[in-house]
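J.: build the 3D model from these lines:
(one chain, ligands or ions: 1)
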Amino acid sequence: MSLKLTRSTHLFEQARKILPGGVNSPVRSFSAVGGQAFVATRGQGPYLYDADGNKYIDLVCSWGPLIHGHNHPIIRMAIEKALQNGTSFGVNSEIEIQLGQKLVDSIPSLEMLRLVNSGTEACMSAIRLARAATKREYIIKFEGHYHGHADSFLVAAGSGLASFGMSSSAGVPEKISAETLILPFNNVAALEECFSKYGNQIAGVILEVVTGNMGVVAPDLSFLKKLRELSKQYSSVLIFDEVMTGFRLSLSGAQGLYGIEPDLSCFGKIIGGGLPVGAYGGKKEIMQLVSPLGPMYQAGTLSGNPLCAAAGLASLELILEDSKIFYQRLDAGASEWRSLMEAHITRHSYPVSVAQMGSMLTIFFSPEKPKNYVEARTCDLEKFKSFFWKMLERGIYYPPSQFEACFLSTAHKPEIMERLAEVSLQAMDECFEMKL
Ligand SMILES: *Cc1c(COP(=O)(O)O)cnc(C)c1O
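T.: Numbering: from 1, shown residues only. This is a model prediction of the structure:
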């Protein structure tokens with residue numbers, strides 16, 4: 001079996017001449033799985049269509065925003081309606097205020113927020129605010145967590161449990177990366193050691209409460225509690241990066257699920273309904289430090305853009321119609337798919353594990369579900385690659401990296417999930433029959 005990707009190949013050749021690697025964001029080049037990436041022409045419901053007419057069940061859903069599937073008619077109509085009035089005003093519009101109000105109403109820890117244009121901007125601004133509020137410099141980040149591509153986050157662990165970061169990208173000055181402390185996730189001892197050594201210099205701690213960017217890794221509740229306790233004790237700002245998990249795991253995100261309130265939260269993805277948006281916010285006391293109320297500068301020509309706000313608002317309203325049933329239905333599909341795979345894995349003793357939180361799911365090619373980045377790195381990446389291609393050839397677009405999560409949507413109805421289960425078991429069987 002093999003895919004016809006003639007036109008995608010041709011378009012990529014053209015793209016490679018003008019875009020680095022032929023893409024505008026690295027993961028789209030399929031570099032972690034090798035082979036030709038496809039070029040999309042259309043998305044509808046659970047499906048993505050490519051330039052050669054192939055049709056895929058999409059498990060990426062634009063990396064998280066499309067919780068209602070592609071091209072949802074209500075979101076499309078909201079954008080079309082907003083478009084009648086123009087694309088950007090450069091002053092306040094009513095719809096951005098409405099989106100802000102929805103966020104504040106849904107998330108108890110949010111009293112004030114600022115809309116920006118991406119998750120990157122939200123996280124970058126949140127750590128600036130943490131530094132402004134504390135007049136300190138160090139930021140704690142966890143290994144394998146992704147907070148966008150601002151300089152302070154492109155940092156890898158050095159040696160030792162708690163280490164000063166080393167830049168993981170060319171162009172990031174060591175002076176900047178050295179102000180990010182990198183810790184292993186879910187490790188209370190490392191956290192305690194770090195706070196006892198540097199506590200009074202730590203401006204803030206940022207984390208993906210439920211991590212999606214090293215594959216799905218759930219937090220230990222005891223770890224989250226310790227984090228809240230230590231950040232309070234040392235007056236460091238606790239920042240939950242909910243760009244992925246906000247409105248994905250519950251109406252009030254991962255913080256609602258675990259019942260822990262951060263000082264600041266970052267959002268993006270779902271709150272833009274498929275258009276570019278981000279937001280950061282928290283209690284009034286800290287948000288009042290943001291310009292023009294306070295001394296911390298942050299701005300944006302297109303921030304609060306009316307089309308993005310319309311799409312985001314429509315997306316949230318679809319959830320809010322009956323949020324309890326919404327999440328029950330959404331999560332049930334993922335949960336059912338996981339149990340079918342787990343039964344199959346156990347029956348055949350495959351060295352594979354499945355991590356699922358709500359509608360986020362990762363198939364790890366390692367016998368145990370990873371608790372941190374070091375464990376995630378032990379996955380069999382060659383097996384993953386062959387699994388990815390076996391899925392794609394059968395019309396299922398699984399995320400093209402072991403270290404990513406599948407995002408399901410309400411458009412992934414039971415019959416789609418059945419097909420998904422059938423194909424994923426077949427693909428797994430073939431991966432392990434093959435003598436590599
Ligand atoms: C996607 C993501 C970001 C970055 O958002 P962009 O809109 O891509 O800049 C930040 N944090 C987390 C947890 C994300 O998943």
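J.: in the chain, which residue sits nearest the ligand?
T.: Taking C-beta to the nearest ligand atom, the ligand has its nearest neighbour within the chain at G119, 2.2 Å off. All C-beta atoms are positioned from the backbone trio N, CA, C, and that covers glycine.
J.: export stretch 363-379 as PDB, just CAs?
T.: Extracted in PDB, the C-alpha atoms of stretch 363-379 (Å, rounded to 0.1, in the frame of the first residue of the first chain):
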ATOM      1  CA  ILE A 363       0.400   6.000  22.000                       C
ATOM      2  CA  PHE A 364       3.900   5.700  23.500                       C
ATOM      3  CA  PHE A 365       6.200   3.000  22.000                       C
ATOM      4  CA  SER A 366       7.500   2.200  25.500                       C
ATOM      5  CA  PRO A 367       6.000  -0.400  27.900                       C
ATOM      6  CA  GLU A 368       5.400   2.100  30.700                       C
ATOM      7  CA  LYS A 369       3.700   5.500  30.400                       C
ATOM      8  CA  PRO A 370       6.400   8.200  30.800                       C
ATOM      9  CA  LYS A 371       6.200  10.400  33.900                       C
ATOM     10  CA  ASN A 372       8.800  12.900  32.600                       C
ATOM     11  CA  TYR A 373      10.900  13.800  29.600                       C
ATOM     12  CA  VAL A 374      13.800  11.400  30.300                       C
ATOM     13  CA  GLU A 375      11.400   8.500  30.300                       C
ATOM     14  CA  ALA A 376       9.500   9.800  27.200                       C
ATOM     15  CA  ARG A 377      12.900   9.800  25.300                       C
ATOM     16  CA  THR A 378      13.200   6.000  25.800                       C
ATOM     17  CA  CYS A 379      10.400   5.300  23.300                       C
END
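J.: neighbours of the residue of the chain closest to the ligand, how many?
T.: Neighbour count for G119, taken as other C-beta atoms under 10 Å: 30.
J.: gap between it and Q201?
T.: 27 Å (C-beta to C-beta, to the nearest Å).
J.: and the helices in this structure?
T.: Ranges of helices in the chain, per DSSP state H, are 6-18, 73-83, 94-106, 119-134, 174-177, 188-198, 221-233, 253-258, 284-287, 306-320, 323-348, 373-376, 381-393, 414-433.
J.: quick one: mean pLDDT for the fifth one?
T.: It refers to helix 174-177. What helix 174-177 shows for mean pLDDT is 93.
J.: what comes up buried for it?
T.: S177 (16 or more other C-beta atoms under 10 Å).
J.: can you list the residues that contact that helix?
T.: 151-152, 154-155, 164-168 (C-beta atoms under 8 Å, 6 or more residues apart in numbering).
J.: if we use 7 Å, what do you get?
T.: 151-152, 155, 165-167 (C-beta atoms under 7 Å, 6 or more residues apart in numbering).
J.: how close does A279 get to E193?
T.: The value you get for A279 to E193, if C-beta to C-beta is used, is 33 Å.
J.: who has more neighbours, those two?
T.: A279 (29 against 15).
J.: for burial, what's the neighbour tally of the closest residue to the more buried one other than its chain neighbours?
T.: Once flanking residues are discounted, A279 sits nearest to F267: 4.4 Å by C-beta to C-beta, 6 or more residues apart in numbering. Look at F267: counted by other C-beta under 10 Å, it has 30 neighbours.
J.: break the chain into its domains for me.
T.: 6-71+323-431, 73-320 (automatic domain parsing).
J.: tell me the mean pLDDT for the shortest one?
T.: On average, the pLDDT along domain 6-71+323-431 is 97.
J.: picking that back up, can you tell me which of the domains of the chain is most buried?
T.: Counting by mean count of other C-beta atoms under 10 Å, domain 73-320 has the highest mean neighbour count of the domains of the chain, with a mean of 20.
J.: now the residue lying closest to F195 once chain neighbours are set aside: how far from I206?
T.: Nearest non-adjacent residue to F195, counting by C-beta to C-beta, 6+ apart: L230, 4.6 Å away. Distance of L230 to I206, given as C-beta to C-beta: 14 Å.
J.: likewise for F89?
T.: F89 is 32 Å from I206, by C-beta to C-beta.
J.: and R338, by the same measure?
T.: 28 Å.
J.: one more: T120?
T.: 13 Å.
J.: repeat for V172
T.: V172 is 16 Å from I206, by C-beta to C-beta.
J.: please apply the same query to K81.
T.: From K81 to I206 the distance is 36 Å (C-beta to C-beta).
J.: could you do M112 as well?
T.: In terms of C-beta to C-beta, M112 sits 19 Å off from I206.
J.: near the nearest residue to H348 once chain neighbours are set aside, how many other residues are there?
T.: Using C-beta to C-beta, 6+ apart and skipping the chain neighbours, the partner closest in space to H348 is F432 (7.0 Å). For F432, the neighbour count with other C-beta under 10 Å is 17.
J.: F432 and P351 touch, don't they?
T.: No. Here F432 lies out of contact with P351, judged by C-beta atoms under 7 Å, at a distance of 8.6 Å.
J.: up against the ligand, what does the stretch 1-150 of the chain have?
T.: Residues of the stretch 1-150 of the chain found near the ligand (C-beta under 6 Å from any ligand atom) are 118-120, 123, 146-148.
J.: now the residues you listed in CSV, with distance to S177 and pLDDT?
T.: Compiled in CSV, those are given as follows (distance: C-beta to C-beta, whole Å; pLDDT from 0 to 100):
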residue, distance to S177, pLDDT
S118, 21, 98
G119, 20, 98
T120, 17, 98
C123, 15, 98
Y146, 15, 97
H147, 14, 98
G148, 15, 97
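J.: on that earlier part again, out of the contacts of helix 174-177, who's near the ligand?
T.: Okay, of the contacts of helix 174-177, nothing touches the ligand (C-beta under 6 Å from any ligand atom).
J.: from those, which shows the smallest pLDDT?
T.: Here the lowest pLDDT out of the contacts of helix 174-177 sits on G165, with 84.
J.: list phi and psi for the residue nearest to R228 when sequence neighbours are not counted.
T.: Using C-beta to C-beta, 6+ apart and skipping residues adjacent in sequence, the residue nearest R228 is I260, 5.3 Å away. Taking degrees, to the nearest 10, you get phi -130, psi 130 for the backbone angles of I260.
J.: can you give me the pLDDT of the closest residue to V374 other than its chain neighbours?
T.: The shortest distance from V374 to any non-neighbouring residue, by C-beta to C-beta, 6+ apart, is to P184 (6.6 Å). If you check P184, the pLDDT there is 96.
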